[in-house]
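S.K.: fold the stuff below for me.
(one chain, ligands or ions: 1)
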Amino acid sequence: MAKSRRSRRTGHLESRPGRLIALTCPQEHTRHRPEAKAASVPDLLAHLSNRRSLPLPALVEPGPSAEELTQILTIAARVPDHGKLAPWRFIVFSGDGAKRAGDALADLAQSREGELSEIRRRVEETRFTRAPLVVAVVSTAAEHVKIPIWEQQLSAGAVCLNLIHGANAKGYAATWLTEWPAYDAEARVILGLKPEETVAGFIHIGTPNEAPSERPRPDLADIVTHYQGPAA
Ligand SMILES: Cc1cc2nc3c(=O)[nH]c(=O)nc-3n(C[C@H](O)[C@H](O)[C@H](O)COP(=O)(O)O)c2cc1C
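M.R.: Next up is the predicted model:
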């Protein structure tokens, strides 16, 4: 019987280097290592089945410690990334910096709209302090010979969700927002963005002080089709 070996690069079985004789998939890897499957998948399944955002007033102190934040951001950066470009970066808003960002945004709004009402001013001033910590996920996607900008931007979206999962894994709740400062040219300068960069999300993180309620989810019947071949 011909001897085969597993390619270190692709994980596929090869009869000799470079010759594919059987396709493998992630499930097949775990089939060979049942102990890896048993580890913590039930917890992950429960988390993914129940994850929800919370409104900002429900994100309270304490926020993640510096050490926890490092771990959360490390998880966030562990995403599929075509071409290994890492086409994203983080800006962390906390403490005085977060307060200064809000003050500057309130001043910007006032310079355009005239004297702001007390409520409106407060909304702008607290934009980055309503949760203990806000992380801006910034897409740095740029023209590339091989990797489309769209794929680089998708990777930034994956970073946002992984950041939420990472925060959840450390016991924090997280909410993904954008709102006007993400899209306003002058606000983006205040927040430290370069003209060619885009805000993928401002991820607000804090300790949950309430349980999330459920919200309607799409009916799979409306969004799933099983491909049968090219249309006649
Ligand atoms: C890219 C992006 C931007 C969002 N921006 C806002 C926003 O500015 N304001 C808002 O109320 N919700 C915004 N949301 C929606 C909130 O994250 C929303 O609370 C969340 O989708 C609730 O869904 P979940 O419970 O599954 O987490 C945004 C969502 C995404 C994906």
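S.K.: up against the ligand, what does the chain have?
M.R.: When proximity is defined as CB under 6 Å from any ligand atom, the chain approaches the ligand at 52-53, 175-179, 201, 215. Yep, even glycine has a C-beta here, placed from its N, CA and C like the rest.
S.K.: if you set the cut-off to 8 Å instead, what comes out?
M.R.: Counting by CB under 8 Å from any ligand atom, the residues of the chain close to the ligand are 51-53, 55, 157, 160, 164, 175-179, 182, 200-202, 212, 215.
S.K.: surely Ala136 is within a strand?
M.R.: Yes - counting by DSSP: H, G, I helix; E, B strand; the rest coil, Ala136 is located in a strand.
S.K.: need the contact list for it.
M.R.: 90-93, 191, 199, 201-203 (CB atoms under 8 Å, 6 or more residues apart in numbering).
S.K.: low pLDDT regions in the protein?
M.R.: Residues of the chain that meet the criterion pLDDT under 70 lie in 1-41.
S.K.: now with 80?
M.R.: Along the chain, the parts satisfying pLDDT under 80 run over 1-42.
S.K.: could I get the full set of helices for it?
M.R.: When assigned using DSSP state H, the helices of the chain occupy the ranges 26-32, 34-38, 41-50, 66-76, 95-113, 118-125, 149-169, 185-190, 220-223.
S.K.: give the pairing partners of the longest strand anywhere in the chain; include direction for each.
M.R.: Of all segments of type strand in the chain, defined using DSSP state E, the longest is strand 198-208. Strand 198-208 has the following strand partners under DSSP bridges: strand 59-60 (antiparallel), strand 133-139 (antiparallel), strand 173-177 (antiparallel).
S.K.: hey, which of those strands is tucked in deepest?
M.R.: Of all the strands paired with strand 198-208, strand 133-139 has the most neighbours on average by mean count of other CB atoms under 10 Å, namely a mean of 25.
S.K.: and the angle for the longest strand of the chain with helix 149-169?
M.R.: Calculated by axes from the mean of the first three to the mean of the last three CA atoms, to 10 degrees, strand 198-208 forms an angle of 10 degrees with helix 149-169.
S.K.: got the CA coordinates for strand 198-208 in PDB?
M.R.: Taking C-alpha atoms only, strand 198-208 is exported to PDB below (Å, rounded to 0.1, in the frame of the first residue of the first chain):
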ATOM      1  CA  THR A 198     -12.300  54.300   8.500                       C
ATOM      2  CA  VAL A 199     -13.900  53.600  11.800                       C
ATOM      3  CA  ALA A 200     -15.200  50.000  11.800                       C
ATOM      4  CA  GLY A 201     -16.700  50.500  15.200                       C
ATOM      5  CA  PHE A 202     -16.400  52.100  18.600                       C
ATOM      6  CA  ILE A 203     -16.700  49.100  20.900                       C
ATOM      7  CA  HIS A 204     -18.000  50.100  24.300                       C
ATOM      8  CA  ILE A 205     -16.900  47.800  27.200                       C
ATOM      9  CA  GLY A 206     -18.000  47.600  30.800                       C
ATOM     10  CA  THR A 207     -19.300  45.300  33.500                       C
ATOM     11  CA  PRO A 208     -23.000  44.500  32.800                       C
END
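S.K.: now it: buried residues?
M.R.: By 16 or more other CB atoms under 10 Å, the buried positions in strand 198-208 come out as 198-208.
S.K.: so what's the residue nearest the centre of the chain up against?
M.R.: With distances taken as CA atoms, centre = their mean, Cys160 lies nearest the centre of the chain, 1.2 Å away. For Cys160, the contact set (CB under 8 Å, 6+ apart) comprises 76, 137, 176, 200-201, 203.
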